[in-house]
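Engineer: model this:
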Amino acid sequence: MAAKAEISWKRTTPEGERLQVYAHHVGKEWRFYIRQRRYENWAPVEQPCLEDWLELLDGIRRRVARRRLPPDEANRVTKTIRELFPDAEIS
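Structural biologist: Model prediction:
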């Protein structure tokens, strides 16, 4: 998962379950995958939650600052978040 087109993070569900999440950039879209334990297979996520989208946006902004991703990628993801979650506050 060290490719430039992949961003990963860990999060905890409301039930207290720890998850590993990563997003893979394919074309102009981001595909999300999730697993519970290290040696389990990655399962695709059809509709990622707002928390995952915001983590992805944070990772993209950090990579844009280091010139690892084009600057317009953060704008594209912000636009997608606003379309999917119109009530979300994006900083």
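
Engineer: Go ahead and flag the most central residue of this structure.
Structural biologist: For the chain, the residue nearest the mean C-alpha position is residue 56 (3.1 Å; C-alpha atoms, centre = their mean).

Engineer: I'd guessed it sits against residue 80; true?
Structural biologist: No: using C-beta atoms under 8 Å as the test, residue 56 is too far from residue 80 to be in contact (9.5 Å). C-betas here are computed from N, CA, C, even on glycine.

Engineer: Need the overlap of contacts for the two.
Structural biologist: Here residue 56 and residue 80 have residue 30 as joint contacts, going by C-beta atoms under 8 Å, 6 or more residues apart in numbering.

Engineer: Surely residue 70 is in a strand?
Structural biologist: No: the secondary structure assignment for residue 70 gives coil rather than a strand, going by DSSP: H, G, I helix; E, B strand; the rest coil.

Engineer: How many residues are close by residue 57?
Structural biologist: When neighbours are counted by other C-beta atoms under 10 Å, residue 57 registers 20.

Engineer: now residue 35
Structural biologist: 14.
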